[in-house]
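Enquirer: The following comprises the amino acid sequence and a computationally predicted model.
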Amino acid sequence: DAGITQSPRHKVTETGTPVTLRCHQTENHRYMYWYRQDPGHGLRLIHYSYGVKDTDKGEVSDGYSVSRSKTEDFLLTLESATSSQTSVYFCAIAGGPSTGELFFGEGSRLTVL
Amino acid sequence: GENVEQHPSTLSVQEGDSAVIKCTYSDSASNYFPWYKQELGKRPQLIIDIRSNVGEKKDQRIAVTLNKTAKHFSLHITETQPEDSAVYFCAATTPGSSNTGKLIFGQGTTLQVKP
């Protein structure tokens, strides 16, 4: 498995609180992604990064922000969590668009009460 | 932006039968089409992929076909086995202005193979 870890793996929080999920990679890959997985919706892209300090929005970016200050870390922040953000969040890395394959982390299950 | 539709949402087959999952995409500039398999409680993993300059690709019991004119691609699994039971996702990517290869997924198909 590619060297990619997510933390925390499980979190329960209350509506209105801030939440940060961390994705850490040891592969020195340039591209990192955050997806959310919900029944009936598949994997939806939230934000992605194509280099340090280079990020862009995905399909469902409202309510989320990201930061990438180092190659190895990509943080996803929910500034004020809502119940609609209850989901499983997957981080993924890729060497580049020409390499194609995404390597996913194990997922972080977030419950917003 | 790119939109990927996947059908069916669930598929049940008898062991040994074939299974076919179909996806359509909207952006004619899309050039890379992977398929991921996700077993229960696990992370998605790539099982096969195809690029826009190829019409078909096979790997043992699985194959993918691409019709660029119709903008659809399909996953074919032959001689299905119980261990093929999983959720399958198709995806498509379009080179963006920064050549980032943003990957957009379909909604997923839950395949059940009955012994």
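Expert: Perfect, thanks for sending it. Numbering: from 1, shown residues only, chains lettered A, B, ... in the order given.
Enquirer: for chain A, which spans come out with low pLDDT?
Expert: Residue ranges of chain A with pLDDT under 70: A:1-2, A:96-99.
Enquirer: What are the neighbouring residues in contact with residue 25?
Expert: The chain I'm using is chain A. Taking CB atoms under 8 Å, 6 or more residues apart in numbering or on different chains as the criterion, A:Gln25 is in contact with A:Ala2, A:Gly3, A:Ile4, A:Thr5, A:Met32, A:Thr71, A:Glu72, A:Asp73, A:Phe74, A:Ile93. No exception for glycine: its C-beta is placed from N, CA and C like everyone else's.
Enquirer: looking at chain B here, not the other one
Expert: If you count contacts by CB under 8 Å, 6+ apart, B:Tyr25 has them with B:Glu2, B:Asn3, B:Val4, B:Glu5, B:Phe33, B:Lys71, B:His72, B:Phe73, B:Ala92.
Enquirer: With adjacent residues omitted, what lies nearest to it?
Expert: Distances taken as CB to CB, 6 or more residues apart in numbering or on different chains place B:Ala92 nearest to B:Tyr25, at 4.3 Å, with adjacent residues excluded.
Enquirer: Let me know the helix or strand that the one you found is in.
Expert: In this structure, B:Ala92 sits in strand B:86-94 according to DSSP states H and E.
Enquirer: Starting from the helix or strand following that strand, tell me which strands it pairs with and how they run.
Expert: Counting by DSSP H and E, the element after strand B:86-94 in chain order, helix or strand, is strand B:102-105. With DSSP bridges as the test, strand B:102-105 is paired with strand B:86-94 (antiparallel).
Enquirer: what comes into contact with the strand it pairs with?
Expert: Outside of strand B:86-94, the residues within contact range by CB under 8 Å, 6+ apart are A:42-43, A:97, A:100, B:1-2, B:4, B:6, B:21, B:23, B:25, B:27, B:29-40, B:44, B:47, B:73, B:75, B:101-106, B:108-111.
Enquirer: Give me the buried entries from those.
Expert: By the neighbour-count criterion of 16 or more other CB atoms under 10 Å in any protein chain shown, the contacts of strand B:86-94 include these buried positions: A:42-43, A:97, A:100, B:2, B:4, B:6, B:21, B:23, B:25, B:30-38, B:44, B:47, B:73, B:75, B:101-106, B:108-111.
Enquirer: okay, the strand ranked longest in chain A in PDB with CA atoms only?
Expert: Of all the elements of type strand in chain A, the one with the most residues (DSSP state E) is strand A:42-51. Provided in PDB are the C-alpha atoms of strand A:42-51 (Å, rounded to 0.1, in the frame of the first residue of the first chain):
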ATOM      1  CA  GLY A  42     -20.200   7.700  -5.000                       C
ATOM      2  CA  LEU A  43     -17.000   9.600  -4.400                       C
ATOM      3  CA  ARG A  44     -17.300  13.400  -4.800                       C
ATOM      4  CA  LEU A  45     -14.300  15.600  -5.100                       C
ATOM      5  CA  ILE A  46     -14.100  18.400  -2.500                       C
ATOM      6  CA  HIS A  47     -10.700  20.000  -3.100                       C
ATOM      7  CA  TYR A  48      -7.400  19.000  -4.600                       C
ATOM      8  CA  SER A  49      -3.900  20.200  -4.600                       C
ATOM      9  CA  TYR A  50      -1.300  20.100  -7.400                       C
ATOM     10  CA  GLY A  51       1.600  21.300  -5.400                       C
END
